[in-house]
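Enquirer: curious how this folds, go ahead:
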Amino acid sequence: MDAAPRKSFSMIRTFVLADIVTLGNASCGTGAIFACLAFLDERRPGWLWLALALLPVALICDVLDGSIARWRRKQSPIGADLDSLADVVSFGVAPAVLGFTLGLRGGWDAAILLYFVGCGISRLARYNVTASALSDDSGKVKYYEGTPIPTSLALVLVMGIAFAQGRFGEQLWLGTMQLGPWKLHPLALMYAVSGSMMISTIRIPKP
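Expert: Okay, here's the model as predicted:
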C-alpha cells in the first residue's frame, strides 16, 4: 500500500499552546537584538529601553511555557528543543549584543562575548542530552548542572543600570585597558564568569 500523503504544514499542526509561548520568548529576544541595532543606528535611548524591557518579558514566557505544558499535560515532540533554541536567542545572543551595543567592543571584549554565547549553547546542549539521566522516577529533573542560561539577565540588569547612569560607550564602568593588540573593558569579565558558571558542574536544585 502507498504511504498516506503527508499533510501540508504538518509541523505547525504539532504545535501546542506552550510552543506558541516559547516562540514568544524567541520573538522577544530577537526584538531586543533589533532594538539594539536600531539604537546603534539612531542613538535614540528609547530603543535601548525597549531592548532592556523585552528580555524580562522573554523570561516570563520561558517560565510560562513550562507551566502551561504541565497544566495542560500536553507537550509537542519538538517542545524541549524549541525551548532551548529560544533560550539561546533571548539569554545568550541578545545579552551579548546588548553588551556590544553599550560599549564592549574591544577585541578581547568580543572574544569574551563569543565565549559567553558558546557557553550558553553548550550548557543547553548538555542539559538536553543529560535530562533523562538527571530525572527522578516521575520524569522531573532533580537539579541543574551549571547555572541556567536565564541567569544572564543579571548581566542585562548591570548593563541597564550603567545605561541609566550614562555609563556606556567610552564612559563604561572600570574603563578600558590595552592588552597586546586589543582593548579590554574589565566589565566584560562578568560575561566570562557567567559563561563559565553555565558550563561548570555546580549542582543547583530545580524547583
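
Enquirer: how about residue 147, phi and psi?
Expert: Here is the backbone geometry of residue 147 (degrees, to the nearest 10): phi -70, psi 140.

Enquirer: tell me the buried residues in stretch 80-91?
Expert: Of the residues in stretch 80-91, 82, 83, 84, 85, 86, 87, 88, 89, 90, 91 count as buried by neighbour count, 16 or more other C-beta atoms under 10 Å. In this view, the C-beta of every residue, glycine as well, is placed from N, C-alpha and C.

Enquirer: for residue 91, see how far away the fourth one is.
Expert: This means residue 85. Counting by C-beta to C-beta, to the nearest Å, the gap from residue 85 to residue 91 is 11 Å.

Enquirer: what does the third one give?
Expert: Computed with C-beta to C-beta, the distance linking residue 84 and residue 91 is 11 Å.

Enquirer: what does the first one give?
Expert: For residue 82, the distance to residue 91 (C-beta to C-beta) stands at 14 Å.

Enquirer: same question, the second one
Expert: Computed with C-beta to C-beta, the distance linking residue 83 and residue 91 is 11 Å.

Enquirer: ok, how many other residues are close to residue 32?
Expert: A count of nearby residues for residue 32, using other C-beta atoms under 10 Å, gives 29.

Enquirer: part of a helix, is it?
Expert: Yes. Secondary structure assignment places residue 32 in a helix (DSSP: H, G, I helix; E, B strand; the rest coil).

Enquirer: just to revisit the earlier point, where do the contact lists of residue 83 and residue 91 overlap?
Expert: residue 62 (C-beta atoms under 8 Å, 6 or more residues apart in numbering).

Enquirer: which secondary structure state does the one residue sitting closest to the centre of the chain sit in?
Expert: Taking C-alpha atoms, centre = their mean, the centroid of the chain lies closest to residue 91, which sits 1.2 Å from it. State at residue 91, reduced to three classes by three-state DSSP: helix.

Enquirer: wait, it sits on residue 154?
Expert: No. With contact defined as C-beta atoms under 8 Å, residue 91 does not count as touching residue 154 (10.6 Å).

Enquirer: in the protein, where is pLDDT below threshold?
Expert: Along the chain, segments meeting pLDDT under 70 span 1-16, 69-77, 79, 131-141, 206-207.
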